[in-house]
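Asker: After the sequence you'll find the predicted model.
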Amino acid sequence: MSKRVAIIGGGAAGFFTAINIAEQNPKLAVTIYEGSNKLLTKVLVSGGGRCNVTNTISDPIELTKQYPRGHDFLLPVFEQFTSDDTERWFTERGVPLKCEDDGRKFPKTNSSHTIFNCLTTLASKHNIVVKLSHRLENFTQVENGWQLEFNRLDVTCDYLVLCTGSSPSIYNLLGTKDIEIVPPLPSLFTFKAKDHSLVDLAGVSVEKSSVSIKEIKNSSENGPLLITHAGYSAPAVIKISAWYARELSQLDYRFTLVINWGSYDANRLRELFKSYTVDRPKERIMSWKEHELSKRLWLHLCQVAELKEYTNWSEIGKKGIQRLTSALCQFESQIAGKSTFKEEFVTAGGIDLSVVEPDSFRIKGQPNLYAAGELLNIDAVTGGFNFQAAWSGSFIAARSIALNSQ
């Protein structure tokens with residue numbers, strides 16, 4: 001009788017684990033159990049419906065720098081399966097990827113359905129059984145395997161792989177098995193501004209901003225920034241939300257966001273403005289164009305600096321220079337909440353990595369119990385890195401099961 005592998009979760013990690021097990025050891029009977037009636041939901045919404053599969057960063061050391069949680073654990077993992085391996089895996093199975101200027105990689109079709117179809121077709125090809133609406137309610141170790149209790153039936157298996165993503169019910173269940181869980185909380189989110197003074201500028205973006213959190217020392221992220229009707233979004237905000245997810249939770253998401261609109265050097269900018277009082281005395285300040293900001297934002301910042309429309313450089317004075325420099329380099333906005341970044345919800349927290357073996361993704365002290373994907377305490381900044389951690393961990397778990405079952 002074939003040994004049975006039960007994979008809990010029909011997402012990216014679940015399918016990738018199942019397919020790689022079947023390819024490496026076709027004698028195993030693999031079944032995916034999904035609690036909902038849908039498959040690969042995050043794959044379909046990722047990257048605005050294009051699926052950000054991975055990234056050009058492939059060096060394991062550089063790759064780990066994209067993970068606020070899990071970077072040390074992932075170094076030996078990425079040494080075994082990196083982003084180049086991911087691209088090769090999909091390309092060899094008929095899904096070539098393309099690279100965008102920011103390093104993100106997508107299917108050449110620009111459609112997440114290409115990845116969906118690839119994974120589901122391969123699952124069917126390898127006779128992987130997929131059962132929808134099968135929610136795991138308990139699992140118990142039995143001789144040489146596990147007994148699984150679903151809402152619909154009970155089954156036994158030889159190998160159990162948990163790929164459920166962030167699931168409160170699974171966290172609670174794991175707690176009853178004395179498997180340590182790092183309390184989960186949101187990562188990758190946008191900021192809601194209190195008394196949003198820039199609401200009239202919603203839609204205005206800045207390419208070279210630098211943002212920091214006043215209440216958290218040495219917190220800083222660079223990148224594009226978008227003013228929204230609710231507050232602020234885009235990579236600079238999303239990245240800082242990931243790196244300081246736990247600290248922001250402790251602040252109850254109420255803090256002061258400090259924005260440097262052009263990643264300016266404040267001292268150089270101050271000296272530049274001082275030189276204009278001599279070199280451009282009659283030029284109106286609001287006519288200055290070297291700021292590289294949208295005209296609407298520049299005019300608003302001039303108003304924040306208490307400058308009049310007709311004020312020229314000879315009239316600005318030391319205090320005016322200081323106010324304008326502060327408006328450009330240290331603009332403060334009170335934040336009073338968070339919201340999900342598009343439809344891409346990511347969790348910081350999950351199974352403590354100290355109980356996971358990085359060379360197999362087996363849970364220590366639990367025979368033939370494995371876990372991969374977002375259920376682990378691993379999360380990354382945007383750019384395809386969360387999927388990459390899932391692909392790598394799933395491949396290693398699959399390889400371990402395929403080899404050990406022979």
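Answerer: Structure's in. What do you need?
Asker: Quick check: nearest residue in space to Q24, chain neighbours excluded?
Answerer: A402 (3.6 Å; CB to CB, 6 or more residues apart in numbering). The way it works is simple: take the backbone N, C-alpha and C, and place the C-beta from them, glycine included.
Asker: And that neighbour, how far from V5?
Answerer: According to CB to CB, to the nearest Å, A402 stands 9 Å off from V5.
Asker: Now for those two: what residues contact both?
Answerer: With contacts defined as CB atoms under 8 Å, 6 or more residues apart in numbering, the residues adjacent to both A402 and V5 are 21, 28.
Asker: who's more crowded, these two?
Answerer: Neighbour tally, A402 and V5, criterion other CB atoms under 10 Å: the higher count belongs to V5, 27 against 20.
Asker: A strand includes that one, no?
Answerer: Yes: residue state for V5 (DSSP: H, G, I helix; E, B strand; the rest coil) corresponds to a strand.
Asker: Next up, the contacts around it.
Answerer: 18, 21, 28-31, 157-161, 401, 405.
Asker: which residues does it bridge with?
Answerer: On the basis of DSSP bridges, V5 takes part in beta bridges with V30, Y159.
Asker: could you check the distance from it over to Y33?
Answerer: 11 Å.
Asker: what does H291 give?
Answerer: As for H291, its distance to Y33 is 56 Å (criterion: CB to CB).
Asker: These two: who's more crowded?
Answerer: Here H291 and Y33 are compared on neighbour count by other CB under 10 Å; more neighbours surround Y33, at 25 against 16.
Asker: For the closest residue to the more buried one other than its chain neighbours, which three-state class applies?
Answerer: Distance criterion CB to CB, 6+ apart; nearest residue to Y33, sequence neighbours excluded, is H134 at 4.2 Å. Taking three-state DSSP as the rule, one finds H134 in the coil state.
Asker: contacting residues for H134?
Answerer: Remark: with contacts taken as CB under 8 Å, 6+ apart, H134 is in contact with 33-35, 150-153.
Asker: Can you tell me which of those residues lies closest to R246?
Answerer: Of all the contacts of H134, the one with the least separation from R246 (CB to CB) is G35, at 27.6 Å.
Asker: how many other residues sit next to that closest one?
Answerer: Neighbours of G35 (other CB under 10 Å): 21.
Asker: okay, the nearest residue to it once chain neighbours are set aside: pLDDT?
Answerer: Counting by CB to CB, 6+ apart, G35 lies nearest to R135, which is 3.8 Å off, once chain neighbours are set aside. At R135 the predicted local distance difference test score is 96.
Asker: again, but for K342
Answerer: 54.
Asker: who does K98 bridge with?
Answerer: In this structure, K98 bridges to F106 when assessed by DSSP bridges.
Asker: from what I can see S400 touches N368, true?
Answerer: No: with contact defined as CB atoms under 8 Å, S400 does not reach N368; the gap is 9.9 Å.
Asker: could I get the contacts of V5 as CSV with neighbour count, distance to R284 and pLDDT?
Answerer: Written out in CSV, the entries for the contacts of V5 read as follows (neighbours: other CB atoms under 10 Å; distance: CB to CB, whole Å; pLDDT from 0 to 100):
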residue, neighbour count, distance to R284, pLDDT
A18, 30, 66, 98
I21, 27, 69, 98
L28, 22, 75, 98
A29, 16, 77, 98
V30, 29, 71, 98
T31, 18, 72, 98
C157, 22, 75, 98
D158, 20, 77, 97
Y159, 25, 73, 98
L160, 26, 71, 98
V161, 30, 66, 98
I401, 29, 70, 98
S405, 18, 76, 83
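Asker: which one of those is nearest S241?
Answerer: The nearest member of the contacts of V5 to S241, counting by CB to CB, is V161 at 29.9 Å.
Asker: Pull the distance from the helix or strand encompassing the closest one to the chain's centre.
Answerer: In this structure, V161 sits in strand 159-162 according to DSSP states H and E. Between the centre of strand 159-162 and the centre of its host chain there is 24 Å, according to CA atoms, centre = their mean, to the nearest Å.
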